[in-house]
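J.: coordinates for the following, if possible.
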Amino acid sequence: MAASKTHVEDYTTKPFVRKVIDYSIYLVFRVIERIILVIPHKQGRKIGRFLGWVIYWLDARHRRVAMKNLRMAFSAEKSPKEIRDIGRKSFMHLCETATDLRRSCEMTGENMDDYFDE
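T.: As a prediction, this is how the structure comes out:
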């Protein structure tokens, strides 16, 4: 008799459930995208940083990969806390950059000054 899967493995491998979860995540990001496009640029960047912080804590798989890579690169010169800070800030910066990239599609000659700090 084959070993049974755990509840979590069974849940995440069911194609229909996986599609529902993926589509729900997609919808959440589409709503966030719409919000970012209508609020001022600086607030959009703050939302991007916050999303990066949230993703850092929720996405354990990618966080582990990032931490492993950072430890391989910096373990001789950085403390574990510094490495964690670099990892968290990398996620935050990536999402902040993603908000900038999305907003750049809406940039025109008339509204370009809104995107740059004085």
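J.: so which helix or strand of the chain has the lowest pLDDT on average?
T.: helix 7-13 (a mean of 54; mean pLDDT, DSSP states H and E).
J.: output the host helix or strand of residue 73 as CSV - backbone C-alpha positions only.
T.: Of the helices and strands defined by DSSP states H and E, residue 73 is found in helix 60-74. The C-alpha trace of helix 60-74 is given here as CSV (Å, rounded to 0.1, in the frame of the first residue of the first chain):
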residue,chain,number,x,y,z
ALA,A,60,8.9,31.0,2.9
ARG,A,61,10.2,29.1,-0.1
HIS,A,62,11.7,32.2,-1.9
ARG,A,63,12.8,33.7,1.4
ARG,A,64,14.8,30.5,2.1
VAL,A,65,16.4,30.6,-1.3
ALA,A,66,17.3,34.3,-0.8
MET,A,67,18.8,33.6,2.6
LYS,A,68,20.8,30.7,1.4
ASN,A,69,22.3,32.7,-1.4
LEU,A,70,23.0,35.7,0.9
ARG,A,71,24.7,33.4,3.4
MET,A,72,26.9,31.9,0.7
ALA,A,73,27.8,35.4,-0.5
PHE,A,74,28.3,37.2,2.8
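J.: can you list the neighbours in contact with that helix?
T.: Helix 60-74 is contacted by residues 55, 56, 57, 78, 82, 83, 84, 86, 87, 90, 91 when judged by Cβ atoms under 8 Å, 6 or more residues apart in numbering. Every C-beta, even on glycine, is put in place using the N, C-alpha and C of the backbone.
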